[in-house]
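Engineer: can you look at this prediction? I've put the sequence above it.
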Amino acid sequence: MTDLARTAGLARAALANLERHRRRIDALNVYPVPDGDTGTNLTLSVRGIVDALERSTSATAAELAAEVQRAATMEAKGNSGVILSTIVRGIATALARVVGTVDGSSLAEALRTGTTFAYDAVRPPVEGTMLTVVREMAEEAERPDVSALPLAEALGRVVARGDDAVARTPELLETLRDAGVVDAGGVGLVELARGMLHELTGEPLPDVPDVVDELTEESIHQQESAHRFCTAFVVEGEGLDLDALHARLEALGDSLLVTGDGSVLKVHVHTDEPERVLELGRAVGLVDPGHVEIGDMWSQAAARERWLAQLQAAAIAPPSATALLAVAQGGGNHEILRSEGAAIVVDGGPTANPSVGELLEAITAANSEHVIVLPNDPNIRLAAERAAGESTKDVRVVATRSIPEGIAAALPFDPAADADANEKAIRAALAGVDAAGITRASRDAVVDGVEVGEGEFLGLLDGRAFATGEDVWAVLDALLERFAGDGHSFVQVLRGDGAPEAGEIAARYAGRVDGLEIDVQWGGQPHYPMLLSAE
């Protein structure tokens, strides 16, 4: 087997195991800020390296090392991903020098070089993080009885030491100790190594721990980060000076990392001035817009807290005969679904589909062996069905296509009734519901034979184009008249971003549409100023 094929195989195995633990690692993420994305950032970073390996045509170890180093720098995501990229750069540097078989001695040199690169990049280095974990893994590999072993046996010892180091991270870092959790980045690092060990030995991987079991009240409710925006970008050029750029950026934030080499740098910083940070990067080289990432950590932290609090609340709630799980966007829609009995509402919709893992987490957390899932979007149905298939519970997916359908379906739900009775009642409720939505066209188009101009409002009825107009009221008029003509007596309007005020809607239609009772609620969904259901 060539160096390229073997390296790619090990990297794929590392990525596969990391993906199994991604949501758990996100949940554990409280340091350096509780934005809940460490697992995701590590996964995206490693996926970028794997993609580069699968495209590679390198013929020598030196060429392969250079490709891995560049991919690690270019694809690093977030604080944890950038630190991982420095570790990978060091490991690649050491392995490029190996002549013959990679063994325990080679592993020791690679981990030591990776550790040195990482400690040099983080200023000042903080113990109790993935730095501590990689250092202890390197120390284990350097033990004479370990470095003399074949690669697989030596890696097994290193993984065991990594597990021990992760367990002790709260002893070294006050933030972790106060939250009652271990370091998320350290967990990710060990799971990467465990995935490689599995590839080498074929030994079964241990089950992924239940997220809820590792959470504490303190780990869920964390203070916001000092700075708001996580800003990362790549700078390319000639003779780039890492230290000089680091010095210029220090005053603009914290969690600052500048890694790479004289031709390509990765910058990561938590700041309130992302544009100023980018200006300093552009002053020394070319900043690729495709590799600029600016994330609102305050919003991410709030979303993490809401999600974990839901999981914890569902897990400790009294057991029910059946649990209801729904997917929706918008704070108001979440509240409506919870008021109708949903144990957990997963955030997701047309532009933000939840993963199979996230849905499976919710199914697992629900305190019932029988779960009904309302995906509320055609694009989420498949993920919901896959999550149902992976669960050991009795999980029924009712293929609701929109939030209005989901709300109508949830209305007859009874947690004390069995799954068969609930599923029958939900499907009966859906049979009498028509759902609609009003959005705005982003370009001129013909949708289902209906012409719509850029910026015009487009009314969709049961998923198909129905009416258009420059005025939202004209489209709403057409939908309500259709509902009245079809014999419906009740319409619920869910207001989203850009919707008229509730009072305007109520005043416009007071006694105007014969036979229709109109209930207006705040849904908060993006992209659709109004969503409607008619019964």
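Structural biologist: Thanks, I have it.

Engineer: state the mean pLDDT of stretch 58-73.
Structural biologist: Rounded to a whole number, the mean pLDDT of stretch 58-73 is 93.

Engineer: and the helix ranked longest in the chain, what does it pack against?
Structural biologist: Counting by DSSP state H, the longest helix found in the chain is helix 3-28. On a contact count with 3 or more C-beta pairs under 8 Å, 6 or more residues apart in numbering; DSSP states H and E, helix 3-28 meets helix 38-55, helix 61-75, helix 184-201, helix 211-214, helix 297-316, helix 356-365. Where C-beta positions appear, they are placed from N, C-alpha and C, glycine not excepted.

Engineer: one more pass at 7 Å, please.
Structural biologist: Applying 3 or more C-beta pairs under 7 Å, 6 or more residues apart in numbering; DSSP states H and E, one finds that helix 3-28 contacts helix 38-55, helix 61-75, helix 184-201, helix 211-214, helix 356-365.

Engineer: so of those, which one's packed in deepest?
Structural biologist: By mean neighbour count, with neighbours taken as mean count of other C-beta atoms under 10 Å, helix 184-201 ranks first of the helices and strands packed on helix 3-28 at a mean of 24.

Engineer: from the middle of its chain, how far away would it be?
Structural biologist: Its chain's C-alpha centre and that of helix 184-201 lie 20 Å apart, by C-alpha atoms, centre = their mean, to the nearest Å.

Engineer: how much does it deviate in direction from helix 38-55?
Structural biologist: 40 degrees (axes from the mean of the first three to the mean of the last three C-alpha atoms, to 10 degrees).

Engineer: so which residues make contact with helix 184-201?
Structural biologist: 9-10, 13-14, 16-18, 21, 25, 28-29, 38-39, 42, 46, 80, 83, 129-130, 132-134, 151-152, 155-156, 158-159, 162-163, 165-166, 169, 205 (C-beta atoms under 7 Å, 6 or more residues apart in numbering).

Engineer: try stretch 115-131
Structural biologist: 31, 80, 83, 86-87, 89-90, 134-135, 138, 169, 172-173, 176, 183, 185-186, 189, 257, 259.

Engineer: likewise for stretch 204-211?
Structural biologist: Looking at what lies outside stretch 204-211 - C-beta under 7 Å, 6+ apart - the contacts are 17, 20, 21, 23, 24, 27, 194, 198, 311, 361, 364.

Engineer: about what we covered before: the contacts of stretch 115-131, buried ones only, as a ChimeraX selection?
Structural biologist: Entered in ChimeraX, the line below selects the buried ones among the contacts of stretch 115-131, by 16 or more other C-beta atoms under 10 Å:
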select :31,80,83,86,87,89,90,134,135,138,169,173,176,183,185,186,189,257,259
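
Engineer: so which of the helices and strands packed on helix 3-28 comes closest to residue 234?
Structural biologist: When the helices and strands packed on helix 3-28 are compared by C-beta to C-beta, helix 61-75 sits nearest residue 234, at 5.8 Å.

Engineer: so what does the following helix or strand past that closest one touch, helix or strand wise?
Structural biologist: Per DSSP states H and E, helix 61-75 leads on to helix 78-95 as the next helix or strand towards the C-terminus. In terms of contacts (3+ C-beta pairs under 7 Å, 6+ apart), helix 78-95 is packed against helix 38-55, helix 61-75, helix 104-121, helix 130-142, helix 184-201, strand 253-260, strand 264-271.

Engineer: distance to residue 482 added to those, as a markdown table?
Structural biologist: Shown next, in a markdown table, are the helices and strands packed on helix 78-95 (distance: least, C-beta to C-beta, whole Å):
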| stretch | distance to residue 482 |
| --- | --- |
| helix 38-55 | 42 |
| helix 61-75 | 49 |
| helix 104-121 | 61 |
| helix 130-142 | 58 |
| helix 184-201 | 51 |
| strand 253-260 | 53 |
| strand 264-271 | 51 |
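
Engineer: out of the ones you listed, which comes closest to residue 3?
Structural biologist: Taking the helices and strands packed on helix 78-95 one by one with C-beta to C-beta, helix 61-75 is closest: 5.5 Å.

Engineer: report the contact partners of the closest residue to residue 180 other than its chain neighbours.
Structural biologist: Using C-beta to C-beta, 6 or more residues apart in numbering and skipping the chain neighbours, the partner closest in space to residue 180 is residue 216 (3.8 Å). For residue 216, the contact set (C-beta under 7 Å, 6+ apart) comprises 179, 180, 181.

Engineer: show me which of those is closest to residue 231.
Structural biologist: residue 179 (24.9 Å).

Engineer: any idea of the pLDDT on the closest one?
Structural biologist: 92.

Engineer: doesn't residue 217 make contact with it?
Structural biologist: No. With contact defined as C-beta atoms under 7 Å, residue 179 does not count as touching residue 217 (9.4 Å).

Engineer: looking at those two, which is more packed in?
Structural biologist: Shown here are residue 179 and residue 217; by other C-beta atoms under 10 Å, residue 179 has more neighbours (22 against 10).

Engineer: show the backbone phi and psi for that one.
Structural biologist: When read as degrees, to the nearest 10, the backbone of residue 179 gives phi -80, psi -20.

Engineer: begin at 38 from now on, thanks
Structural biologist: Done: numbering now begins at 38, and the last item shifts to residue 216.

Engineer: ends of stretch 397-410, what's the gap?
Structural biologist: Using C-alpha to C-alpha, to the nearest Å, one end of stretch 397-410 lies 11 Å from the other.

Engineer: how about stretch 439-454?
Structural biologist: 25 Å.

Engineer: can you show me the strands along the stretch 388-537 of the chain?
Structural biologist: Taking DSSP state E, counting those that start in this stretch to define them, one finds strands in the stretch 388-537 of the chain at 407-411, 431-434, 471-477, 482-484, 487-489, 494-498, 501-506, 527-532.

Engineer: in JSON lines, list the helices and strands packed on helix 40-65 along with distance to residue 331.
Structural biologist: JSON lines is the format used below for the helices and strands packed on helix 40-65 (distance: least, C-beta to C-beta, whole Å):
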{"stretch": "helix 75-92", "distance to residue 331": "14"}
{"stretch": "helix 98-112", "distance to residue 331": "17"}
{"stretch": "helix 221-238", "distance to residue 331": "21"}
{"stretch": "helix 248-251", "distance to residue 331": "28"}
{"stretch": "helix 393-402", "distance to residue 331": "23"}
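
Engineer: which one of the ones you listed lies nearest to residue 366?
Structural biologist: Closest among the helices and strands packed on helix 40-65, using C-beta to C-beta: helix 393-402, at 13.8 Å.

Engineer: other SSEs contacting the closest one?
Structural biologist: Against helix 393-402 (3+ C-beta pairs under 7 Å, 6+ apart) you get helix 40-65, helix 334-353, strand 379-384, helix 415-427.

Engineer: and if we set it to 6 Å?
Structural biologist: helix 334-353, helix 415-427 (3 or more C-beta pairs under 6 Å, 6 or more residues apart in numbering; DSSP states H and E).

Engineer: could I get those as a markdown table with mean pLDDT?
Structural biologist: Listed next are the helices and strands packed on helix 393-402 as a markdown table, based on pLDDT from 0 to 100:
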| stretch | mean pLDDT |
| --- | --- |
| helix 334-353 | 87 |
| helix 415-427 | 94 |
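
Engineer: closest one to residue 88 among these?
Structural biologist: Of all those, helix 415-427 sits nearest to residue 88, with 22.0 Å by C-beta to C-beta.
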